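S.K.: for reference, the sequence and a predicted model appear below.
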Amino acid sequence: MSIGRAEVQPADEPRVITVTLSPAWDITITASQLDLGRSHRIDPAVGRLGGKGINVARILADTGIGAYVQGPVAGEYRPEADSAAGVEASPALGPVWDLTPTPSRLRRSYAVVEGSGRATVLNETAAKHPPEVWDALSETIDRRLSEPAVTVLVLSGSTPADCPEDFHAKLVRAAHAAGVSVIVDTSGPGLLRAARAGADWVKPNAEELNELFEHKDLFEHEDLIASAGELVRAGASNVLVSRGEDGMVLVDRTGPRSSARLERVLQGNPTGAGDASVAALARCLAANSQSDEAARLPDEDVRTILTEAVALSASAVLMPQAGQIHPDWQKLRHDVVITKEQT
């Protein structure tokens, strides 16, 4: 496997499937400062269909990669409503909306972004879906996995309580049977189930690792590496850990490989940074025409993945809404510092 510099040539068909098990109507509120217990006068809030996998698909579109967007969404919040909210359309090879209808109410997510860049996010829990909705979503995913151009499946976001317990495992097996690589960005038991199912990539953040394995200090580098190693021992091939402004670290079956960070801290809204890093990883894998799950990633590929992930996630911080990246994101590649881990 050799990814090289992830300069992806446009394709006629989407190469990536993104699945969001818990979509939301994302509402972004901007305020100069949030004072608890007081009234505020604000500019009009901005709302659009969102969720982590949907954010990933939008970012992929902005970097030249098309994606099938899947997840359970009520009819009144279909993409037409997204466009009516004044959201700019994606490029020509943008997201292909392939959503599964559900009678259940779409949850809301409220992000209050202050002038300092601090973001306060309030997420509703998801309503339960009838069992037939989960069956229909599985069938939709299976259908898209058979598309010849599809090489990457992304399962991103929280796992609803009513989601079938074997959903992640079935998804990983179906993707591998189709020769498709799997990236999972979730938390809690869903993350562990994805690892045990043999996901090619899992992308937790430091807090999610600490919650799952309860190590002494999530900010201690050795504890973070140990937690990532537990996901590898559970069955995941590669673990990409995000650490906020401290960057990212990549761990695989051979141990810790390298870490990366931006040489300067950017001020802004960090809400969509993790989704941008997942999009970067999917973009790198989509640029690779062959998959060899048993092979150890060459050092060059590790550097490429970490550079793209840090640059794209940093550029997302500069934007007001999750699912957006700065137009000059590629320039941030030059500000990424890579450190090879000691094994």
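M.R.: Alright, I've got the coordinates.
S.K.: how far off centre is the longest helix along the chain?
M.R.: The longest helix of the chain (DSSP state H) is helix 299-317. Centre-to-centre, helix 299-317 and its host chain are 13 Å apart (Cα atoms, centre = their mean, to the nearest Å).
S.K.: elements contacting that helix?
M.R.: If you count contacts as 3 or more Cβ pairs under 8 Å, 6 or more residues apart in numbering; DSSP states H and E, helix 299-317 packs onto strand 238-242, strand 248-252, strand 255-262, helix 273-286, strand 336-340. Bear in mind the C-beta positions are built from the backbone N, C-alpha and C, glycine included.
S.K.: would you tell me which one of these is buried the most?
M.R.: Ranked by mean neighbour count under mean count of other Cβ atoms under 10 Å, the helices and strands packed on helix 299-317 are led by helix 273-286, which reaches a mean of 28.
S.K.: could I have the CA atoms of that one written out in CSV?
M.R.: Taking C-alpha atoms only, helix 273-286 is exported to CSV below (Å, rounded to 0.1, in the frame of the first residue of the first chain):
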residue,chain,number,x,y,z
ALA,A,273,-12.3,19.1,13.9
GLY,A,274,-12.7,15.4,14.6
ASP,A,275,-15.0,14.9,11.6
ALA,A,276,-12.4,16.7,9.4
SER,A,277,-9.7,14.3,10.5
VAL,A,278,-12.0,11.3,9.6
ALA,A,279,-12.6,12.9,6.2
ALA,A,280,-8.8,13.2,5.7
LEU,A,281,-8.3,9.6,6.5
ALA,A,282,-11.1,8.5,4.2
ARG,A,283,-9.6,10.8,1.5
CYS,A,284,-6.2,9.1,1.9
LEU,A,285,-7.7,5.6,1.7
ALA,A,286,-9.8,6.5,-1.3
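S.K.: on that earlier part again, can you give me the angle the longest helix of the chain makes with helix 273-286?
M.R.: 140 degrees (axes from the mean of the first three to the mean of the last three Cα atoms, to 10 degrees).
S.K.: list the buried residues of helix 299-317.
M.R.: 301-317 (16 or more other Cβ atoms under 10 Å).
S.K.: the helices and strands packed on helix 299-317: which one's closest to residue 140?
M.R.: The minimum distance between residue 140 and the helices and strands packed on helix 299-317 falls on helix 273-286, with 18.7 Å, by Cβ to Cβ.
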